[in-house]
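**Student:** This is a predicted model, with the sequence first.
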Amino acid sequence: MSDTIRFTLDGAEVEAKAGETIWEVANGRGLQIPHLCHKPAPGYRPDGNCRACMVEIEGERTLAASCIREPLEGMVVTTNSNRAETARKMVVEMLLADQPEREAAHDQSSHLWDMAELQGVSESRFPKLEKERIPLLDDSHVAMSVNLDACIQCGLCVRACREVQVNDVIGMAGRGHDAYPVFDMSDPMGDSSCVACGECVQACPTGALMPSTVVNEAQMGDSADFDEEIKSVCPFCGVGCQVSMKVKDGKIKHVEGINGPANEGRLCVKGRFGFDYINHPHRLTKPLIRREDAPEKALNVDPENWQEFFREATWEEALDKAAHGLVDLRSYYGGSAVAGFGSAKCTNEEAYLFQKFIRQGFGHNNVDHCTRLCHASSVAALMENVGSGAVTATFNEIENADLAIVIGANPTENHPVAATYFKQFTKRGGQLIVMDPRGQGLKRHATHMLQFRPGTDVALLNAIMNVIVEEKLYDRNYIEGFTEGFFEFRDHIRAFTPERMADLCGIEAEVIRDVARRFADANRAMIFWGMGVSQHIHGTDNARCLISLALLCGHVGRPGTGLHPLRGQNNVQGASDAGLIPQFLPDYQSVKDPEVRELFRHIWRGTEISPEPGLTVVEIMDRVYRGEIKGMYILGENPAMSDPDVEHARKALGQLDHLVVQDIFLTETAMFADVILPASAFAEKSGTVTNTNRQVQVARQAVQPPGDAREDWAVLVEMARRVGLDWDYDDPREVFDEMKMSMRSLHHITWKRLEAESAVTYPTTGPDDPGQPVVFGDGFPRRAGRAKFTPARLTPPAETPDDAFPMILTTGRQLEHWHTGSMTRRATVLDAVEPEANCSLHPSTLRKLGVAPGGMVRLTTRRGTVEVMAREDRAVSPDMVFLPFAYVEAAANILTNPALDPFGKIPEFKFSAVRVEAVDTAQVAAE
Ligand SMILES: Nc1nc2c(c(=O)[nH]1)N[C@H]1C(S)=C(S)[C@@H](COP(=O)(O)OP(=O)(O)OC[C@H]3O[C@@H](n4cnc5c(=O)[nH]c(N)nc54)[C@H](O)[C@@H]3O)O[C@H]1N2
Ligand SMILES: Nc1nc2c(c(=O)[nH]1)N[C@H]1C(S)=C(S)[C@@H](COP(=O)(O)OP(=O)(O)OC[C@H]3O[C@@H](n4cnc5c(=O)[nH]c(N)nc54)[C@H](O)[C@@H]3O)O[C@H]1N2
Ligand SMILES: [Mo]
């Protein structure tokens, strides 16, 4: 059978590829056929229900819906015959009869009205239909308005919700003409289980579903009423969704997903509705200097009432003061008295400049960023055993997999758009094995849910590998061809029988065997992991196990296989690549390597680079605490909330002689600052960013920074000049060009190319190669091209429950909030959905405590105490409490343990011994 079909379209001989519809072929040739229930976007299946796209096919009695009909060899299709035109017109007129008047349309520029115009229809000949049975306005949701009087029953919202995002909230109630979408069974949208991804709003062709920011109180608006549309990248997570920001009067009015390689048009609630933090009145608009007579440094500044602590200053004065404070410490104590934390929320160019600022300006490598608290252990294990810290395959490769393991990651909340691909994978029959102590969102989609004991990943994974080794299910050819260390590994793994490990990890031996066999049997399998794996004192061992597991079965280097640590921040991959880590210069080139230092000495015009690997985040904070580090420059990080044992970190910050903070808000960290430099938010600057998939993308400035705030890179250049560096960059492009001089990963990637192609995956083999989604098919960037098996032993958590602290505290995230809350608690929609500090406890635990859901509990660890509202959640096991770290009023990190993994230097955020008590509200009130 040939791959192309030849047929006649409006008298012309044309070709269709196999699987292409008549509508697609016509559209490709510039013919416009109206379409309503069909959305020509990735992931949307044509449905053929609205009949607006009818065409005539020779020899067929009835007209055909072109969106769903595939041409056959020799077929003769006419799109512009009288009969087809009349039929389409009729369809549109019937639909319009059912709509609010043009002037009262919920969306003046809806796709429906566009299509009506295209078909030459401006009003309907048909009488208005009665629609009284359908509730009109449902404004129960903060982010979206539902006006069902404009619904044409096209079902796009249902496909958006069920097939694209796989959230399964929207369904159709009623029949035929009386059908209308409902949320869950029949809840108002705001009370339903809707996660507000807004995919339905983006899909709706009529304005029946609209972003609330686009309609007025009369439910009228115009989605095309904006001055400019800017294409950029979402500022939140590492998925790197491409967005289109619609800007009106200098402000972002609404956001839509566009077809980036990672998201193909999809977004989540933060990306779509969380953009307005940049307009919050708390934005820093002027440089601030701590007043001479300010009270002692502490966590005590009200972001609305900061005048008692700080005074406004000009940029000149603030930059001078900021830089000279650091220079003075350098002259008096030496460069090592100053350290820096850079940001994974900023661009690649800004990350590069920041590490250069510290290395060049202060002669050491004490520069780090939040990756240390994140995937540092994963990267340590990957560098050791694979030779590269980045993912071996994009998450979208799950499309080609038969089986996937998701372990210690909660993507429906933390990488929601990646999660849509995972859920689609299960709908197609892919086997999804979730390993998580908590019954998280993917549980519903999983073929296997292994709810094992927290902190026992090595036991569980070693047992799985024991089965694969003992039953000889491994891929011998792969092991011989591409790995080293197998024999030692095999001997080591013998002790970890499923029977022995079952008690430890709480999973039955038979289940372990079953999972092991399935993973080994799969043709193509992927492993995804997150913070549940990395944030332990044995995080590196956990990751070593995952690498060994993939290597045993040869599940690396082919489509649909691979190792994918889901990277967290929007630019943590890029910031790490750009050298914002203490051991490595850009592209993971070791500071210990004399040739590398020579290369940078050359590029950085004679700078001597220290051969000593620098200190990491928690180590730097310790030196600050001990008074050895006296000055810090902190860019776009909030360690006063995000560091473990944060009272210690706050105390340390308070002791600094000189602290410069560059942020967009007066954060908890900035409260301790001597100088605060007001930065631009992501939508206010230009640069490149790199997502979890190794895709380099361009971020474009959509709006101006407020007041005197400036782009981070520009502030860095001013700071550098003032500490005596000869920096002369005028544009991030110049920084990017300099990065290319030392970074092989950027070979064949130019700014121009990024502008034109919107994204390039590294590595790319040439200017025409969009990049390699899967790497290491022909060997690894290690000795002899071989990856390595590194055995992992069992290590208990640093702190285990005892009589005084009998339960386990685990910390993490929620869908609506970003880390320390600085941005999302200032985003209207996100804050409205999740306004209050909360923790989750099993119903039986709450009952034992005598606390009703919504009541207050007190959590105490060896580090401190917080009081917080408790939710009932069966997903949490009875001996655990889950606490998100976004809320300053109940800061999780007051409780967490700063004990570190020896390799990755990552703290044990996922396991502390805790005491949970009811807060006697009567007593509190009396006090
Ligand atoms: N909404 C939102 N999204 C985010 C972020 C955010 O703040 N908010 N932050 C971003 C960043 S920087 C990151 S790093 C990612 C993190 O994304 P994830 O890795 O998904 O983050 P967490 O919620 O911290 O933890 C993941 C899971 O680990 C499980 N877990 C706890 N203990 C253990 C254990 O001992 N073993 C195993 N296997 N699992 C365990 C938890 O139950 C939880 O479901 O999210 C990114 N995306
Ligand atoms: N208990 C507990 N603690 C944890 C974790 C956990 O799971 N549990 N996870 C850890 C992990 S994985 C991570 S990644 C860290 C995150 O820790 P942080 O990086 O400290 O947290 P964020 O809140 O993301 O801080 C980003 C800061 O940048 C600012 N910002 C945003 N955009 C810009 C910009 O364009 N320019 C500038 N200059 N500033 C900007 C924000 O206002 C905010 O203050 O937290 C870690 N801490
Ligand atoms: Mo992270």
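**Tutor:** It's in. Residues are numbered from 1 along each chain as shown. Ligands and ions are numbered 1, 2, ... in the order given.
**Student:** only C-alpha atoms for contact and neighbour calcs from this point on.
**Tutor:** Will do.
**Student:** Quick check: phi and psi on the closest residue in space to Pro416 that isn't next to it in sequence?
**Tutor:** Distance criterion Cα to Cα, 6 or more residues apart in numbering; nearest residue to Pro416, sequence neighbours excluded, is Cys268 at 6.1 Å. When read as degrees, to the nearest 10, the backbone of Cys268 gives phi -120, psi -180.
**Student:** Verify the stated contact: Cys268 with Gly198.
**Tutor:** Yes. With contact defined as Cα atoms under 8 Å, Cys268 counts as touching Gly198 (7.1 Å).
**Student:** per-domain residue ranges of this protein.
**Tutor:** Following the TED database, the chain resolves into domains at 1-97, 317-374+571-769, 391-414+429-565, 807-918.
**Student:** Quick check: end-to-end length of the last one?
**Tutor:** Using Cα to Cα, to the nearest Å, one end of domain 807-918 lies 14 Å from the other.
**Student:** now that domain, how far from the chain's geometric center?
**Tutor:** Relative to its parent chain, domain 807-918 has a centroid offset of 21 Å by Cα atoms, centre = their mean, to the nearest Å.
**Student:** so does it get close to ligand 1?
**Tutor:** Yes. Judged by Cα under 6 Å from any ligand atom, domain 807-918 comes into contact with ligand 1 at 812-819, 910.
**Student:** Against ligand 1, how distant is the nearest residue to Asn838 once chain neighbours are set aside?
**Tutor:** Leaving out its chain neighbours, the residue that sits closest to Asn838 by Cα to Cα, 6+ apart is Met869, at 4.8 Å. Distance, Met869 to ligand 1, by Cα to the nearest ligand atom, to the nearest Å: 19 Å.
**Student:** So Met869, which state does it fall into?
**Tutor:** Following DSSP: H, G, I helix; E, B strand; the rest coil, the label given to Met869 is strand.
**Student:** For it, give the beta-bridge partners.
**Tutor:** Listed beta-bridge partners, Met869: Asn838, Met856 (assigned using DSSP bridges).
**Student:** returning to what we had before: can you say which of the domains of the chain is nearest to Val215?
**Tutor:** With respect to Val215, and counting by Cα to Cα, the nearest of the domains of the chain is domain 807-918 at 15.2 Å.
**Student:** Tell me the residues of the stretch 301-450 of the chain that contact ligand 1?
**Tutor:** Proximity of the stretch 301-450 of the chain to ligand 1 (Cα under 6 Å from any ligand atom) is limited to residues 374, 407-411, 413-415, 435-438, 440.
**Student:** any idea which of the residues you listed is closest to His111?
**Tutor:** The closest of these to His111 turns out to be His415 (Cα to Cα; 29.9 Å).
**Student:** And the helices in the stretch 251-400 of the chain?
**Tutor:** Counting by DSSP state H, counting those that start in this stretch, the stretch 251-400 of the chain has these helices, from start to end: 269-273, 315-333, 348-362, 376-385.
**Student:** Return the set of buried residues in the longest one.
**Tutor:** If I follow you right, that is helix 315-333. For helix 315-333, burial by neighbour count (16 or more other Cα atoms under 10 Å) applies to 315, 318-330.
**Student:** Likewise for stretch 499-507?
**Tutor:** Buried residues in stretch 499-507, counting neighbours by 16+ other Cα under 10 Å, are found at 501-502, 504-507.
**Student:** can you pull the contacts of Ser576?
**Tutor:** By Cα atoms under 8 Å, 6 or more residues apart in numbering, the contact list for Ser576 reads 371, 586-588.
**Student:** ugh, wrong one, Ser378
**Tutor:** Ser378 makes contacts with 389, 534, 539-540, 543-544, 565, 904, as judged by Cα under 8 Å, 6+ apart.
**Student:** picking up where we left off before, list the residues that contact the residue nearest to Pro416.
**Tutor:** Neighbours of Cys268 in contact, by Cα under 8 Å, 6+ apart: 196-198, 416-417.
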